[in-house]
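**Student:** here is a sequence together with a model predicted from it:
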Amino acid sequence: KYWNKYVKDHTTIELKDMKGKNITGLPLKPGLVGATNEVALDMSLNNIGYDNNGLDTEGIAVDKNGDFWVCDEYGPFIAKFAPDGTQLAKYAPASGLDEVLKYRIPNRGFEGITITPSGKILASMQSVLDVNGETSKTACFTRIVELDPKTGKTKTYAYPVDVSAYNSPKDCKIGDIYAIDDNTVLVIEQGKLADKTMRNIIYKVDLTNATDITDVKYNGQHLEYAKSAEELNISFAQKEKMIDLRAMGWTAEKAEGLCMTDENTIAVINDNDFGITAKVTDKDNDTAITNYIYDSNIKAYELNGKRADPTITIDKNTESAQLWLFKKNM
């Protein structure tokens, strides 16, 4: 009732920390849990600073009490908010969540979040972990985290990555997650395959017999060091293909929103990155924009340790925002 009354009177809910200060999307200072060593710039490429409570929000779910839960790519974090946007709780690696999650690839933290009928929180890592910078090209699974908000206890399940389909395991990305019941979730798996085509598939995933891999090790190391499922004495989550979005005519690169509107209707939305794209022109180099390093203090670019002189432009892309509905007997 409180939620319905609040949203009726408000069109925007601003996220605030426990002291009432607005939370921004700015990155955290280097050295803090969740920092990615990124620098935020304005349109004139000036450094605009940090926010130690900053969130790169990626998923949202509302519980039975009207509070809502948000997952984030920085920490990765899971945060609980009251209907007015005030933060009530925040879970981080080594502070409510398994410390190993700190090894997420930058900007590949929690990508999806959902709440089971019994009230458990499930959050999915976007990609495999890169433990000590050594496992992003070898890990054969990514992680789904379960949090019981009543007890604070967590479990972790291994979602299998079809390593042979991708050039590298890190190319497999989870777009979103949605709980059908306490043990079954829908998962969007996507990414560029080894044959250069795109995969966008919705899987039905059964967690019933999946091993809780929290604190489980492989030869004294984190499980990500194993190169195949056969090397691990654990049970992965079981996945079954439900909808091949590409086969249905889906053309967008990213499917990043997933839910069910009723027992047989699946809704999917894309992420078109605000309808803009960054382009680079460099007469001396032919490489991706992400390979450049920009120093905001001297306003200069580097590429492979050498000064570079690219021209960066922001252009409109042609991909529109899309909402697709699928009828499927479960």
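**Tutor:** Nice, I can see it. Numbering: from 1, shown residues only.
**Student:** list the residues that contact the nearest residue to Thr281 once chain neighbours are set aside.
**Tutor:** Once flanking residues are discounted, Thr281 sits nearest to Thr311: 4.5 Å by C-beta to C-beta, 6 or more residues apart in numbering. (Each C-beta comes from the backbone N, C-alpha and C, glycine too.) By C-beta atoms under 8 Å, 6 or more residues apart in numbering, the residues touching Thr311 are 280-282.
**Student:** do the same with Leu28
**Tutor:** By C-beta under 8 Å, 6+ apart, the contact set of Leu28 is 34-36, 50-52, 54, 74.
**Student:** by pLDDT, give me the weakest of the residues you listed.
**Tutor:** pLDDT across these is lowest for Thr36, at 90.
**Student:** what about it, distance to Tyr294?
**Tutor:** 15 Å (C-beta to C-beta, to the nearest Å).
**Student:** coming back round to it: which one of the contacts of Thr311 sits closest to Thr156?
**Tutor:** Val280 (38.4 Å; C-beta to C-beta).
**Student:** out of the contacts of Leu28, who's nearest Thr290?
**Tutor:** Nearest to Thr290 among those, with distances taken as C-beta to C-beta, is Thr36, at 13.0 Å.
**Student:** nearest spatial neighbour of the closest one, chain-adjacent residues omitted?
**Tutor:** In this structure, Thr36 finds its nearest non-sequential neighbour in Pro106, 4.2 Å apart by C-beta to C-beta, 6+ apart.
**Student:** name the SS class of the residue nearest to Lys299 when sequence neighbours are not counted, please.
**Tutor:** Leaving aside its chain neighbours, Lys299 sits nearest to Leu45 (6.3 Å; criterion: C-beta to C-beta, 6+ apart). At Leu45, secondary structure determined by DSSP: H, G, I helix; E, B strand; the rest coil is coil.
**Student:** Leu45 - how many residues pack around it?
**Tutor:** 13 (other C-beta atoms under 10 Å).
**Student:** next one: Thr11
**Tutor:** Residues near Thr11, counting by other C-beta under 10 Å: 6.
**Student:** again, but for Asn52
**Tutor:** 12.
**Student:** skipping its backbone neighbours, what lies nearest Tyr218 in space?
**Tutor:** Per C-beta to C-beta, 6+ apart, closest to Tyr218 is Ala226, 4.8 Å.
**Student:** give me the number of residues near the one you found?
**Tutor:** 20.
**Student:** try Ser124
**Tutor:** 27.
**Student:** a helix runs through it, doesn't it?
**Tutor:** No. Using three-state DSSP, the assignment for Ser124 is strand, not a helix.
**Student:** how long is stretch 261-276 end to end?
**Tutor:** 30 Å (C-alpha to C-alpha, to the nearest Å).
**Student:** any idea of the mean pLDDT in it?
**Tutor:** Computed over stretch 261-276, the mean pLDDT rounds to 90.
**Student:** and it, what's buried?
**Tutor:** 266, 268-272 (16 or more other C-beta atoms under 10 Å).
**Student:** and what of stretch 79-86?
**Tutor:** For stretch 79-86, by 16+ other C-beta under 10 Å, it's 79-83, 85-86.
**Student:** so how far is it from its chain's centroid?
**Tutor:** Mean-position distance between stretch 79-86 and its chain equals 20 Å (C-alpha atoms, centre = their mean, to the nearest Å).
**Student:** same question for stretch 169-180.
**Tutor:** Distance of stretch 169-180 from its chain centroid, counting by C-alpha atoms, centre = their mean, is 8 Å.
**Student:** ok, stretch 217-230 next?
**Tutor:** Computed by C-alpha atoms, centre = their mean, the separation of stretch 217-230 from the middle of its chain amounts to 23 Å.
**Student:** now do the end-to-end distance for that stretch.
**Tutor:** 15 Å.
**Student:** other residues contacting that stretch?
**Tutor:** 100, 103, 128-131, 134-135, 138-141, 158, 160, 163, 213, 216, 231-232, 234, 236.
**Student:** now which of these would you call buried?
**Tutor:** Using 16+ other C-beta under 10 Å, the buried members of those are 100, 103, 128-131, 135, 138-141, 158, 160, 163, 213, 232, 234, 236.
**Student:** narrow those residues to those in strands?
**Tutor:** 141, 158, 160 (DSSP state E).
**Student:** so who does the second one touch?
**Tutor:** For Ala158, the contacting residues are 141-144, 210-211, 213, 223, 232, 234, 236-237, by C-beta under 8 Å, 6+ apart.
**Student:** ditto for the first one
**Tutor:** Taking C-beta under 8 Å, 6+ apart as the definition of contact, the neighbours of Phe141 are 128, 158-161, 223-224, 229, 236.
**Student:** grab the nearest non-local neighbour of Asn52.
**Tutor:** Counting by C-beta to C-beta, 6+ apart, the residue nearest Asn52 is Leu28, at 5.5 Å.
**Student:** scratch that, Ile144
**Tutor:** Tyr157 is the one closest to Ile144 (C-beta to C-beta, 6+ apart), at 4.6 Å.
**Student:** ok, the one you found touching Gln238?
**Tutor:** No. With contact defined as C-beta atoms under 8 Å, Tyr157 does not reach Gln238; the gap is 10.4 Å.
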